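**Q** fold the following, please.
(chains A and B)
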Amino acid sequence: MADRWLEKELARQLAPVAAPSSLWDRISGGAERRRRVPLAWILWPAAAAVLLAGVLGVVRGRLAASGEDRFAQREVAAAAKHAEFDFRAGSFEDAREFVRKRANIDIDLPKRHAVADSGPAHVMGVRMVELDGVPIAAIDYVVKGEKATLYVSGKRAGMKGDDMGPSLHLHSQQGLTYWNMRNETYTIAYASTKNPHGACMLCHATAPAEGEPAALPGL
Amino acid sequence: MVLEETARQLIEACQRGDPEAFRALFEKHKDMVYSVALRYSGDAVAAQDIAQDIFLKLFSTIGSYRGDSNFEAWLYRMVVNRCFDQKRRTRRLAPLLDAVMDVVRAPGVSALDEVLRAEMSMHVREVVEGLAPDQRMVIVLRYTQGLSYDAIAEIVGCSAGTIASRLNRAHKVLERRLARVAGIRKDREGTRSTNG
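**A** Predicted structure coming up:
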């Protein structure tokens, strides 16, 4: 049996108390509040799902970008081993025709592109290489005295072509710019630091201004 | 236990959806529900949340209550289960401040006695809150509601012997943890009676 003082103290300290007068107001308004609670429980998972989707999207994008990055670098490395031209082209249109016939790759051009628009870009020739069973056309050209190469590869396994939409990644350190368009992957290798977007002038009459992203072919 | 006629009529009115009956049922049981919740949780805000949940649940489930069982025990069980669901609250400092302010405001009494009383009060509640949930609930039902071992056993769903055992263990824990404050207080009381 507990000490008497403890029982007395417990009875005193734990004595019943009157409920606050506001309790009924809380209860009579509680039905409405209860209806609101499930909304919060719906919103939180929805917000979490959106956040998760965003994170997954970023991660997927990063993975895809890193995959494309690696492919572009391997593309350049593979072409570097094949120094001889498979076709000496006098113009970009000749090079496009050769690539279409040789590898069934249709190089996209801007809607307002004309052969004469190649302007300062002088096409020298085309080298054909293969990477992971995918044909790659390397079109070499010179812009204002600087050598550039446009790599165009056929559709790769795992890529969805049209569904994928264009993506552009600028790699100023490695001098690589690549993007996907319809069934092909495009990579431009251009090392000029004075005019980093000069290589775009193969397909675009004017290069984008400094700090401005390069326009994509066909857009 | 057979329900009193008025209580039975009140419950039947609630089961028919009579809003006045709901209010009357609330008025009849609100202090019990709130007191148990407050003494168990030690937090007025949590106690109001618990009480609100209890009455909303009561009103929505009273249709399933059958008149042949003990209504009060049924309601107590809802309170006990809801209290057990309540997460352990964070310790609040407000009660301590209230106790100190009471001492400052109290005229004509020994400040030391009142401080000791306030300290004891704080300690008792803290120590009760530190008990294991099943022991704490038995203590609350016993000392807040003054229920018998049999009544507590019916609510908690175990034998009266188990309730007695839990109370005994809880008392021992409380005695041990309150020994220091209780010793000081006993000394004070002894000194006062000698002087008086």
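
**Q** now do the residue nearest the centre of chain B against residue B:48, distance only.
**A** By C-alpha atoms, centre = their mean, chain B has its centre lying nearest to residue B:36, at 3.2 Å. Distance of residue B:36 to residue B:48, computed by C-beta to C-beta, to the nearest Å: 13 Å. (C-beta placed from N, C-alpha, C; glycine too.)

**Q** do the same with residue A:93
**A** 81 Å.

**Q** name the residue in those two with the higher neighbour count.
**A** Using other C-beta atoms under 10 Å in any protein chain shown as the criterion, residue A:93 and residue B:48 rank with residue B:48 on top: 20 against 17.

**Q** distance check, residue B:148 against residue A:105.
**A** Counting by C-beta to C-beta - residue B:148 and residue A:105 are separated by 92 Å.

**Q** please read the previous query as pertaining to residue A:145.
**A** 28 Å.

**Q** and these two? which has more neighbours close in?
**A** residue A:105 (21 against 10).

**Q** what's around residue A:94, how many residues?
**A** 16.

**Q** kindly report the same for residue A:83.
**A** 7.

**Q** show me what contacts it?
**A** Residues near residue A:83 by C-beta atoms under 8 Å, 6 or more residues apart in numbering or on different chains: residue A:127.

**Q** pLDDT value on it, please?
**A** For residue A:83, the pLDDT comes out at 81.

**Q** against residue B:17, how distant is it?
**A** From residue A:83 over to residue B:17 (counting by C-beta to C-beta), the distance is 91 Å.

**Q** secondary structure element holding the nearest residue to residue A:122 once chain neighbours are set aside?
**A** In space, and not counting its chain neighbours, residue A:122 is closest to residue A:142: 5.0 Å by C-beta to C-beta, 6 or more residues apart in numbering or on different chains. If you go by DSSP states H and E, residue A:142 is part of strand A:134-143.

**Q** with residue A:49 instead?
**A** With DSSP H and E as the criterion, residue A:49 is inside helix A:30-80.

**Q** what's the burial count for residue A:97?
**A** 14.

**Q** tell me which element it falls in.
**A** Short version, using DSSP H and E: residue A:97 is in helix A:92-103.

**Q** correct me if wrong: the residue nearest to residue A:122 contacts residue A:149.
**A** No: using C-beta atoms under 8 Å, residue A:142 makes no contact with residue A:149, being 10.3 Å away.

**Q** residue B:63: how many residues sit nearby?
**A** Using other C-beta under 10 Å as the criterion, the residues surrounding residue B:63 number 10.

**Q** three-state assignment of it?
**A** Three-state call for residue B:63 (DSSP: H, G, I helix; E, B strand; the rest coil): helix.

**Q** pretty sure it contacts residue B:15?
**A** Yes: Residue B:63 is within contact range of residue B:15, at 5.3 Å (criterion: C-beta under 8 Å).
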